[in-house]
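Trainee: this is a predicted model, with the sequence first.
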Amino acid sequence: MHFMVFAESFTAEVMCRFPDRLAGHFDRKVHLVVDGHCAHGSRKVCDWLAAHPDDIELHFLPPCSPELNPDELVNADLKHSLPKQH
């Protein structure tokens, strides 16, 4: 699992940094599963992807499908493992 921590709001600029970092770690195409956040389908992200067709390909989850979103599974696991008083 790969992730990126950021302090600012999640924008298209932040989204572009993530695949840029991912592409540098692999010698083959990365298939990235994303949800319907507006930054994922923004013009800036589409332009970045068009410039890097051999590096990253996005696969969009169907709308309103949190049960298919790997992030939601990680979040649920984390919430269940934290102490109740945390």
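Mentor: Nice, thanks for sending it over. Residues are numbered from 1 along each chain as shown.
Trainee: what residue is smack in the middle of the protein?
Mentor: Val34 (5.2 Å; CA atoms, centre = their mean).
Trainee: who does that one bridge with?
Mentor: Beta-bridge partners of Val34, counted by DSSP bridges, are Phe60.
Trainee: what sits against it?
Mentor: If you count contacts by CB atoms under 8 Å, 6 or more residues apart in numbering, Val34 has them with 40, 58-61. (C-beta placed from N, C-alpha, C; glycine too.)
Trainee: need the contact list for His2.
Mentor: His2 makes contacts with 22, 25, as judged by CB under 8 Å, 6+ apart.
Trainee: that one and His31, how far apart?
Mentor: 12 Å (CB to CB, to the nearest Å).
Trainee: next: Leu22.
Mentor: Distance, Leu22 to His31, by CB to CB: 10 Å.
Trainee: gap between Val30 and Ala76?
Mentor: Val30 is 25 Å from Ala76, by CB to CB.
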